[in-house]
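Engineer: whatever this is, show me its structure:
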Amino acid sequence: MNTSDKHPVNVSRTVERLVAGQATSDGAGVKLTRVLTHNLQQRLDPFLMLDAFGSDQADDYIAGFPDHPHRGFETITYMLAGRMLHKDSAGHEGLLENGGVQWMTAARGVIHSEIPQQEEGVMEGFQLWLNLPKRDKMNAPWYRDFKNAELPKFVTEEGVAVTVIAGESQGIGGAVTRDTTQPNYLDLHLPAGARFAQKLPAGHNAFVYVYRGEVSIAGKAVPVQRMAILANDTLADGVVIEARADAKVLLISGQPLHEPIVQYGPFVMNTQDEIYQALSDFRDGRLGESA
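Structural biologist: Here you go, the predicted model:
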């Protein structure tokens with residue numbers, strides 16, 4: 001689908017700062033870069049974490065993520081390349097493949113595993129953690145797999161290929177919407193010389209992550225493997241992203257919850273007591289139980 005720029009941006013947000021991310025490992029030794037770290041959770045509320053992973057060395061990913069618990073938030077896994085099998089205690093199972101998205105609402109709790117279904121080749125993608133409001137943290141878990149062909153896409157007049165994982169862009173609704181956090185999650189492929197404009201509500205927190213090439217936002221260069229936190233300028237009505245050379249970026253924004261964030265590993269609640277309860281439920285085998 002081709003679309004014109006139906007929602008022009010009059011004043012673009014600027015780049016507040018650039019973040020490089022931290023090399024780490026998770027699961028059974030999967031190497032990754034933690035782009036959105038714990039100390040940025042309040043600044044980028046409602047987002048809790050963004051991990052970027054990518055390697056053509058099987059030893060970096062082959063052990064995957066064996067059974068582990070979650071409570072209190074949503075995980076969105078976007079697989080650029082590779083195959084990962086998901087199974088969880090709520091009875092969900094799905095194969096995440098090239099260009100696909102797995103959206104899991106852990107809510108009151110699931111125990112799940114994510115295991116690579118390949119022994120060679122490239123595995124690359126992202127996992128984003130999206131917080132849940134206090135009132136929804138103990139709801140029933142939810143899960144949905146989206147094949148790449150099922151994700152809404154369009155191409156702008158300037159040739160920018162847009163995948164709308166969540167939210168809305170230029171009149172095209174995303175695969176998932178959330179009324180409270182209102183996440184927008186776009187994958188943008190910009191050819192050299194192209195620009196892309198996206199409306200953003202003034203109160204929403206937003207960031208851009210460049211995973212190929214380099215872009216410019218309000219005159220500020222954002223190089224590859226950098227996250228640009230966008231300033232919350234009340235005069236700005238969106239963001240304009242420009243690419244001198246071919247580039248690929250994630251543009252992510254959402255409505256902050258303005259609620260306390262108390263995290264202990266895979267549990268994100270509002271109080272320390274709720275964390276103790278999550279640990280107790282996990283220890284006693286109640287975390288993955290249905291109500």
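Engineer: quick check: mean pLDDT of stretch 181-197?
Structural biologist: Confidence over stretch 181-197 (mean pLDDT, whole number) is 98.
Engineer: need the distance between the two termini of it.
Structural biologist: Length of stretch 181-197, first residue to last, C-alpha to C-alpha, to the nearest Å: 21 Å.
Engineer: buried residues in it?
Structural biologist: Residues of stretch 181-197 classed as buried: 181-190, 194-197 (neighbour count, 16 or more other C-beta atoms under 10 Å). For glycine as for every other residue, the C-beta is placed from the backbone atoms N, C-alpha and C.
Engineer: what's the most distant pair in those?
Structural biologist: Thr181 and Ala194 (29.1 Å; C-beta to C-beta).
Engineer: Asp273 - that's part of a helix, no?
Structural biologist: Yes: assignment of Asp273 by DSSP: H, G, I helix; E, B strand; the rest coil places it within a helix.
Engineer: contacting residues around Val101?
Structural biologist: 76-79, 145-146, 151, 165, 175 (C-beta atoms under 8 Å, 6 or more residues apart in numbering).
Engineer: give me that answer again for 10 Å
Structural biologist: Residues in contact with Val101 (C-beta atoms under 10 Å, 6 or more residues apart in numbering) are 76-79, 125-126, 144-148, 150-151, 163, 165-166, 174-176, 185, 187.
Engineer: any idea how far Arg226 is from Tyr211?
Structural biologist: 10 Å (C-beta to C-beta, to the nearest Å).
Engineer: next, show the common contact partners of these two.
Structural biologist: Val35.
Engineer: which strands and helices sit next to whichever strand or helix holds Ala197?
Structural biologist: Per DSSP states H and E, Ala197 falls inside strand 195-199. Judged by 3 or more C-beta pairs under 10 Å, 6 or more residues apart in numbering; DSSP states H and E, strand 195-199 is in contact with strand 153-156, strand 161-166, strand 168-169, strand 184-190, strand 215-217, strand 238-242, strand 247-254.
Engineer: show me what the second one is packed against.
Structural biologist: If I follow you right, that is strand 161-166. Short answer (3+ C-beta pairs under 10 Å, 6+ apart): strand 161-166 packs on strand 73-81, strand 100-105, strand 123-131, strand 153-156, strand 172-173, strand 184-190, strand 195-199, strand 247-254.
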